[in-house]
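1. next come a sequence and a model predicted from it.
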Amino acid sequence: MMRRWAVLIAGLALAACGDESEPDDLAASCDGERVLECDPYEYTAIASASVTPERIGPLDPTARATVHVELEACDMRPGAASVQLFALIAPADAGADEVRVVDLGLTVRDDGTNGDETANDGVIDQTVGNPFGREIPERSDITLRFVPVLQGCQGDPLELAYPTGTRFEI
């Protein structure tokens, strides 16, 4: 019995060491490897992201949103990354299969234009119009999905909760 435990513990230790030595997708890309469908140096990740202020009301024509994204990318990346925004909406009584994905039609770029201060610095701070249209519910918690894209290569998305405000009525 003691021998079985020793073999099990040794096997777990080897498995843990194997996981630590394998590079993550970003490191592999920066080392010149293809990652998923991405050519070397194209894979980009998101370190953090936010949309402020909270509680923007859907359809409010006076509302402005500031999108902040901090990217993780290779030093030898072939251009400026962009980030696409989506909203994930689930009815209160819905299961995981009932989540609706809404394209907010909003892409921010790390290219030094449209309010982005410096091209390719890995930080995007851009103020945009109200990104929440008719499909977005009022006074609810939605999930915002930030998807990094570089040269057609899509990195892993980052998701965060966002509380919406009251719908603007005409």
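-> On my side now, so go ahead. Residues are numbered from 1 along each chain as shown.

2. C-alpha only now, for contacts and for neighbours.
-> Fine.

3. in what helix or strand does the closest residue to Asp111 other than its chain neighbours lie?
-> Residue nearest to Asp111 in three dimensions, not counting chain neighbours: Ala119, with 4.0 Å by Cα to Cα, 6 or more residues apart in numbering. Assigned by DSSP states H and E, Ala119 falls within no helix or strand.

4. how about the one 5 residues further on?
-> Taking DSSP H and E as the criterion, Ile124 maps to strand 123-129.

5. could you do Leu26 as well?
-> helix 25-30.

6. so which bits of that helix are buried?
-> Residues 25-30 are the ones in helix 25-30 that count as buried (16 or more other Cα atoms under 10 Å).

7. just name the closest of those to Arg77, please.
-> Each of the buried residues of helix 25-30 was scored against Arg77 by Cα to Cα, and Cys30 proved nearest at 8.3 Å.

8. next secondary structure after the helix holding Leu26?
-> strand 45-52.

9. show me the strands in this protein, by range?
-> 45-52, 64-72, 82-89, 100-109, 123-129, 141-150, 153-154, 158-163 (DSSP state E).

10. quick check: angle from the second one to strand 100-109?
-> What that stands for is strand 64-72. 80 degrees (axes from the mean of the first three to the mean of the last three Cα atoms, to 10 degrees).

11. residues touching the closest residue to Arg100 other than its chain neighbours, list them.
-> Leaving aside its sequence neighbours, Arg100 sits nearest to Ile89 (Cα to Cα, 6+ apart; 5.1 Å). Listed by Cα atoms under 8 Å, 6 or more residues apart in numbering, the contact partners of Ile89 are 99-102, 136, 142-143.

12. and these, which two are furthest apart?
-> Spanning the widest gap among these are Val99 and Ile136, at 12.7 Å by Cα to Cα.

13. who has more neighbours out of the two?
-> Between Val99 and Ile136, counting by other Cα atoms under 10 Å, Ile136 is the more crowded of the two (20 against 13).

14. didn't that one look like it was pressed against Pro58?
-> Yes: the pair Ile136 / Pro58 is scored as a contact, 6.2 Å apart, by Cα atoms under 8 Å.

15. could you check how many residues crowd around the closest residue to Gln154 other than its chain neighbours?
-> Spatial nearest neighbour of Gln154, excluding adjacent residues (Cα to Cα, 6+ apart): Pro148 at 5.8 Å. Number of residues near Pro148 (other Cα under 10 Å) recorded here: 27.
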